[in-house]
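Trainee: need coordinates for the below:
(2 chains, ligands or ions: 2)
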Amino acid sequence: MRFSLALNLLLKNMLLNFIIILQLCAVFAYGNVIVAINNDAYDCYNITAKFDEENTLLYMPQEPKLDTTWEYDRHPNNDNPQSAISRYGDRVESVKDYAVVYEDYSTRSYFYGTRTAEALRVQLKKGKWFSNQKSTDGIIDCVIIGDTSKFPIGSILDMECYKENISLREKFPVKFRIIGSIGEVAKVPTFSASSSEMTVDYIFEEYRSQKDSFIDTLFYRGARYQSRRDSEDLIIIFTEEIEGGYWDYCNDNSFVFLDDLSDEEVKSITQEMKNEANVATMASARNLSKKEATDKMLVYAPTSICFIVMGLAGILCVSLLNMINNKRAFKAYSISGMSFHQGMRIIFTYATMLILIAFTLFALLWVALIAAEILPWDSMAINSSNYLFLIGIAVIIYAVMGASSSTLLKKYIHNIKE
Amino acid sequence: MIELKNIHKYYDYKKPNQVEALKGIDLTINDGEMVAIMGASGAGKSTLLHIIGGLSRFESGQYLYNDKDISKYGDAKMCKFRNKQIGIVLQNFALIDEYSVLFNAMTPLFFAKSSIIDRHKRAVEALKTVGIDKLKHKSASSISGGEKQRCAIARAIVNNPAVILADEPTGQLDSKTAKSIIELFKTLNSTGITVIIVTHDHNVANECERIITIGDGMIIDNPM
Ligand SMILES: Nc1ncnc2c1ncn2[C@@H]1O[C@H](COP(=O)(O)OP(=O)(O)O)[C@@H](O)[C@H]1O
Ligand SMILES: [Mg+2]
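Mentor: Ligands and ions are numbered 1, 2, ... in the order given. Coordinates of the predicted model:
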């Protein structure tokens, strides 16, 4: 009953319904772009949400030189970094990286300390993030950036890992188990850059597994490794328990966890560290990031609000017009024994049809925009908020159509005569 | 059997512009009767018919349909009652112009339990009964006034109701067509359907077994 009568409503005023569908489609598309830009703007802010912000310090003894991406200026008081930070022991965690070779593929691996790994909330496309539990079989759990059809979850990689300076070609064997994937585009916390105006965004670098040749852009401290192949098949590996040390790397930019100390102690340690490095609290870096993101989104706000309000107002108008157009149909149904609830069910089924058609059209449009590379990909991130947005818009459309239609439907039912 | 006891109906109840449309109606209509309701414009005829058809509610009194108290029914049950028991025919036909004659004739079946095939079969039967089954694929806007009213009657009888309520069914038709429509009602009545017709037209009323006259919301004349 519902379906045929709803379909009749859809087919009766094709032009009007087509206009609604186009309008819905435009709201879906524009809204999704904005949500994706918003996701990207707040991405780093959200990934770092689990850090104990006030008691985590960003300790940054080096800054990249302006004209290169892998050379750094050291802090003038920090020429002997090992001793400078080593007194704080396992409170200090830097992001260590290794070069790894797998068959013909060369790969970067990033090694996070347990507290960093615990606090980071990188969104995974598949699988899960590694836990603090050590695997009993000696295989190292890892999360990859890359194509999981090539490297499926659960697969084990036999690799060789370069120690220390890669040019020495000292290798040792390592086994990795892939337990998760970040997808093919990802923000990777490398913490290789820093700034006196530190935002958390500096901690991350963005990778696309297909396009960027990260071997060249990421290898820092001057060591460079020439891969035998082009970089398209590369994966980046995160792990927390790789054996072997890179102790001279621990003077790199580091997270310092002071969460069990009193405010006084935190203050004095901060003061002391400021003598040999740039220091910021996670809180200030996150706040700065948030402010930048908010400023960015504020630019879009007026047009977005106008567009969405106009879109919804249009949908409201066209839905009212449609109801007025269908006055006689609903009166005929009412004479025939349709109750108010049955009438509303027909209207909601009709709304669902509109939404589904609009959504299909939007999906096609979206795929086309991606194929034509028209969307501003570099500043977009698709995640669950996009789906939430679509569901939210659908709910609003139901509400708008439901509210406007129900008033008219009641009137029609109670006034059969005219 | 339809029994109305001391029915009072107000529009805009308890508002300053309140109108008392029915002022204590007592009326009994037996199964299989063909009754005309006459009266001046604004007398309350349509209001009465809507109450009998379960299209509107009333403020006080009692409505028994086959000894059941209809006024206690909720919205859904009332609509089911109308769908099952009552066929309604209006002066302006109340068809959906863009849809086919066949679709118009089958609308009540969408709100009753019936399959697509069943709907189709019964709508064609109803159109045969009213004599326009050849027009079934035409759109409702493209047929003549008399044919429209026949289509509306087909819709009214498609779910085999016990009662047909017609509110000035010949008001927009010429006298010859009007006569044929009344003949159709008489034929339906002869199959046992109760027919209640509101009309201005004495020629129409005189074809009925009983003429009830209403004035100012009250029954003026009701020969038994
Ligand atoms: N929807 C309505 N709202 C307010 N008053 C109404 C409404 N419908 C009818 N009335 C009033 O109720 C009275 C009876 O109307 P109605 O039953 O339509 O009369 P009839 O069909 O005999 O011409 C009239 O005074 C009319 O103005
Ligand atoms: Mg009337």
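
Trainee: which residues does residue 38 contact?
Mentor: As the question left the chain open, I've gone with chain A. For A:Asn38, the set of contacting residues under the criterion of Cβ atoms under 8 Å, 6 or more residues apart in numbering or on different chains consists of A:293, A:297, A:300, A:385. For every residue, glycine as well, the C-beta is placed using N, CA and C.

Trainee: switch to chain B, that's the one I care about
Mentor: By Cβ under 8 Å, 6+ apart, the contact list for B:Met38 reads B:45, B:198-200, B:202, B:205, B:211-214.

Trainee: and the most centrally placed residue in chain B, bridged to which residues?
Mentor: Compute the mean C-alpha point of chain B, and by Cα atoms, centre = their mean the closest residue is B:Leu165, 1.9 Å away. Beta-bridge pairing for B:Leu165 (DSSP bridges): B:Ile88, B:Ile196.

Trainee: with pLDDT and secondary structure added, can I get the contacts of A:Asn38 in JSON lines?
Mentor: Written out in JSON lines, the entries for the contacts of A:Asn38 read as follows (pLDDT from 0 to 100; DSSP: H, G, I helix; E, B strand; the rest coil):
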{"residue": "A:Ala293", "pLDDT": "92", "secondary structure": "helix"}
{"residue": "A:Met297", "pLDDT": "91", "secondary structure": "helix"}
{"residue": "A:Tyr300", "pLDDT": "90", "secondary structure": "helix"}
{"residue": "A:Ser385", "pLDDT": "85", "secondary structure": "helix"}
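
Trainee: buried ones among those?
Mentor: The neighbour-count test (16 or more other Cβ atoms under 10 Å in any protein chain shown) applied to the contacts of A:Asn38 identifies A:293, A:385 as buried.

Trainee: what is the most widely separated pair among the contacts of A:Asn38?
Mentor: Every pair in those was compared (Cβ to Cβ); the two farthest apart turn out to be A:Tyr300 and A:Ser385, at 14.8 Å.

Trainee: interface residues of the stretch 201-350 of chain A facing chain B?
Mentor: A:328-329, A:331-342 (Cβ under 8 Å from any Cβ of the partner chain).

Trainee: give me the buried entries from those residues.
Mentor: Judged by neighbour count, with 16+ other Cβ under 10 Å as the criterion, the buried members of those are A:328-329, A:331-340, A:342.

Trainee: picking up where we left off before, looking at the contacts of B:Met38, which are in strands?
Mentor: Counting by DSSP state E, those place B:198, B:211-214 in strands.

Trainee: as CSV, those residues with distance to ligand 1, neighbour count and pLDDT would be great.
Mentor: Putting the ones in strands among the contacts of B:Met38 into CSV (distance: Cβ to the nearest ligand atom, whole Å; neighbours: other Cβ atoms under 10 Å in any protein chain shown; pLDDT from 0 to 100) gives the following:
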residue, distance to ligand 1, neighbour count, pLDDT
B:Val198, 7, 26, 96
B:Ile211, 15, 18, 96
B:Ile212, 12, 23, 96
B:Thr213, 11, 18, 96
B:Ile214, 7, 23, 96
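
Trainee: elements contacting the lengthiest strand in chain A?
Mentor: Scanning chain A for the longest strand, with DSSP E as the assignment, gives strand A:171-181. In terms of contacts (3 or more Cβ pairs under 8 Å, 6 or more residues apart in numbering or on different chains; DSSP states H and E), strand A:171-181 is packed against strand A:126-127, strand A:140-145, strand A:156-162.

Trainee: just the buried residues of it, please?
Mentor: By neighbour count on 16+ other Cβ under 10 Å, the buried set for strand A:171-181 is A:174, A:176-181.

Trainee: quick revisit: which two among the residues of the stretch 201-350 of chain A next to chain B are spaced furthest apart?
Mentor: Using Cβ to Cβ, those reach their maximum pairwise distance at A:Arg328 and A:His341, which is 20.5 Å.

Trainee: SS state for the spatially closest residue to B:Lys148 that is not a sequence neighbour?
Mentor: With sequence-adjacent residues excluded and distances taken as Cβ to Cβ, 6 or more residues apart in numbering or on different chains, B:Lys148 is closest to B:Phe93, at 4.4 Å. The local conformation at B:Phe93, judged by DSSP: H, G, I helix; E, B strand; the rest coil, is coil.
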